[in-house]
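J.: Sequence isn't available, so here's the structure alone:
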């Protein structure tokens, strides 16, 4: 049984056949039991990989990444930052990400202290759409000389094509719920 | 043994006797094992409370809150938002928070769907300084008619006085590491 798919069917909301709203359990209110299921599932799918760091992007990826890390021997989690405070290191890797919800570019940053050539990274994120956030995280890893061992996504909106660029780089992609379409207020899932 | 205090002694950095930087394990890179220790500790300190929701504020509170929730029967976590995307509900409770690092006010918001008069809330956050963020979260709970059963803080900078306002409201406050002063590049902890 795919607990995430079931949850989306029961509690996800489709708005204007364009937005899938999962505020109820994923990115405003959080269902920690569901995140634990996701952690077990990612561990199973990436069991052959030797992972020593989990990387994500603020905000919604952080909770998932922390719970998932428990299934990978509590490896450190590092989250790339979107908003630079006065406390941020000056010595950072930086990449541009395009936000479709906000219709503008923003920078993501990670301190050079927390990503290096010895890292074998599993990237975790809540959504994969056009793949701009994933591309930004991959770029940070490439700049640091870190290896991207895999990308684990909660919900992939397959019709937005983010998948291909990741596969072209030879990276293992695992999405727990793959959405083929948002139609007539309903979610159509992939049969895979 | 207080694992958080030990970690701060070993890896925290004091900048200009003003800022305590804990990027290495708390708010950029995350030590999930340490967060689990924090979860156990909060459960012990709030064991007499009947908690059915954990509330925090993006960004740095989210990881802690998710791990802590596991020690409170996996109750839902809700995080108040600082940045409103197009996906945010219009129907929200709102409060002002003053940021001392950025020297300006910002709004925090929570959807009315995820906070109500049946909620018995444990507020979790990474830092307590002047108490502005805590006051904002308490205000959101008050607006919703939710009861604040306690506030659990990782690191309290006691010299910044946030503690008194919380105690004046009769709320149980538990800080895992209480910093009395930042002096000569060192952290002085409370003896309590």
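T.: Noted; the coordinates are in hand. All of these numbers come straight from a predicted model, not from anything done at the bench.
J.: before we move on, which element is residue A:110 in?
T.: Here residue A:110 sits within strand A:104-111, counting by DSSP states H and E.
J.: how far does that strand sit from the chain's center?
T.: The chain centre lies 15 Å from the centre of strand A:104-111; the measure is C-alpha atoms, centre = their mean, to the nearest Å.
J.: ok, the helix or strand that that strand is followed by: who's next to it in the sheet?
T.: Using DSSP H and E, the helix or strand that directly follows strand A:104-111 along the chain is strand A:120-128. Here strand A:120-128 has these sheet partners by DSSP bridges: strand A:53-57 (parallel), strand A:147-157 (parallel).
J.: out of the ones you listed, deepest packed?
T.: Comparing the strands paired with strand A:120-128 by mean neighbour count (mean count of other C-beta atoms under 10 Å in any protein chain shown), strand A:53-57 comes out on top with a mean of 26. To be clear about C-beta, it is placed using only N, CA and C from the backbone, and glycine gets the same treatment.
J.: Mind checking what helix or strand follows that strand in sequence?
T.: Taking DSSP H and E, what comes next after strand A:53-57 is helix A:61-69.
J.: elements contacting the helix or strand that that following helix is followed by?
T.: Counting by DSSP H and E, the next helix or strand C-terminal to helix A:61-69 is strand A:77-80. Applying 3 or more C-beta pairs under 8 Å, 6 or more residues apart in numbering or on different chains; DSSP states H and E, we find strand A:77-80 packed against strand A:53-57, helix A:61-69, strand A:104-111, helix A:132-144, strand B:29-30.
J.: circling back to that earlier point, buried sites along the strand holding residue A:110?
T.: A:108, A:109, A:110, A:111 (16 or more other C-beta atoms under 10 Å in any protein chain shown).
J.: can I get those residues in a markdown table with pLDDT?
T.: Formatted as a markdown table, the buried residues of strand A:104-111 follow (pLDDT from 0 to 100):
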| residue | pLDDT |
| --- | --- |
| A:108 | 96 |
| A:109 | 97 |
| A:110 | 97 |
| A:111 | 97 |
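J.: List just the nearest of those residues to residue A:5.
T.: residue A:108 (28.9 Å; C-beta to C-beta).
J.: Just give the nearest non-adjacent residue to the residue nearest the centre of chain A, would you?
T.: Nearest to the mean C-alpha position of chain A, counting by C-alpha atoms, centre = their mean, stands residue A:125 at 1.2 Å. Nearest residue to residue A:125, sequence neighbours excluded (C-beta to C-beta, 6 or more residues apart in numbering or on different chains): residue A:61, at 4.7 Å.
J.: hmm, stretch A:32-52 touching chain B?
T.: Yes - Stretch A:32-52 comes into contact with chain B (C-beta under 8 Å from any C-beta of the partner chain), by way of A:32, A:33, A:35, A:36.
J.: one step back: relative to residue B:74, which of the helices and strands packed on strand A:77-80 is closest?
T.: Nearest to residue B:74, of all the helices and strands packed on strand A:77-80, is helix A:61-69, at 10.4 Å by C-beta to C-beta.
J.: And the average pLDDT for the closest one is what?
T.: Regarding helix A:61-69, the rounded mean pLDDT is 98.
J.: hang on, the earlier thing: I'd like to know which elements the strand holding residue A:110 is packed against.
T.: Under the contact rule (3+ C-beta pairs under 8 Å, 6+ apart), strand A:104-111 is packed against strand A:77-80, strand A:92-99, helix A:132-144.
J.: Please identify the most buried of these.
T.: strand A:77-80 (a mean of 26).
J.: tell me the mean pLDDT for that one?
T.: pLDDT averaged over strand A:77-80 gives 98.
J.: Strand partners (parallel or antiparallel) of it?
T.: Applying DSSP bridges to the sheet, strand A:77-80 is found paired with strand A:53-57 (parallel), strand B:29-30 (antiparallel).
J.: any idea of the angle the longest one forms with helix B:61-69?
T.: Computed by axes from the mean of the first three to the mean of the last three C-alpha atoms, to 10 degrees, the angle separating strand A:53-57 from helix B:61-69 equals 120 degrees.
J.: From the chain's centroid, how far away is strand A:53-57?
T.: 8 Å.
J.: residues in contact with it?
T.: The contact list for strand A:53-57 (C-beta atoms under 8 Å, 6 or more residues apart in numbering or on different chains) reads A:62, A:64-65, A:68-69, A:72, A:75-80, A:82, A:97, A:108, A:110, A:115, A:119-125, A:133, A:136-137, A:140-141, A:146.
J.: Now the helices and strands packed on strand A:77-80 in CSV, please, with extra columns for distance to residue A:170.
T.: Output for those, formatted as CSV (distance: least, C-beta to C-beta, whole Å):
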stretch, distance to residue A:170
strand A:53-57, 18
helix A:61-69, 22
strand A:104-111, 22
helix A:132-144, 11
strand B:29-30, 27
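J.: looking at those, which is closest to residue A:189?
T.: For these, the distance to residue A:189 is smallest for helix A:61-69, at 19.5 Å, taking C-beta to C-beta.
J.: And the contacts of that closest one?
T.: Taking C-beta under 8 Å, 6+ apart as the rule, helix A:61-69 contacts A:30, A:32, A:35-36, A:38-39, A:42-43, A:54-56, A:75-77, A:79, A:122, A:124-126, A:152, A:154, B:30, B:32, B:35, B:59, B:62-63, B:65-67, B:77.
J.: Adding distance to residue B:12, write the helices and strands packed on strand A:104-111 out as JSON lines.
T.: As requested, these are exported to JSON lines (distance: least, C-beta to C-beta, whole Å):
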{"stretch": "strand A:77-80", "distance to residue B:12": "18"}
{"stretch": "strand A:92-99", "distance to residue B:12": "20"}
{"stretch": "helix A:132-144", "distance to residue B:12": "24"}
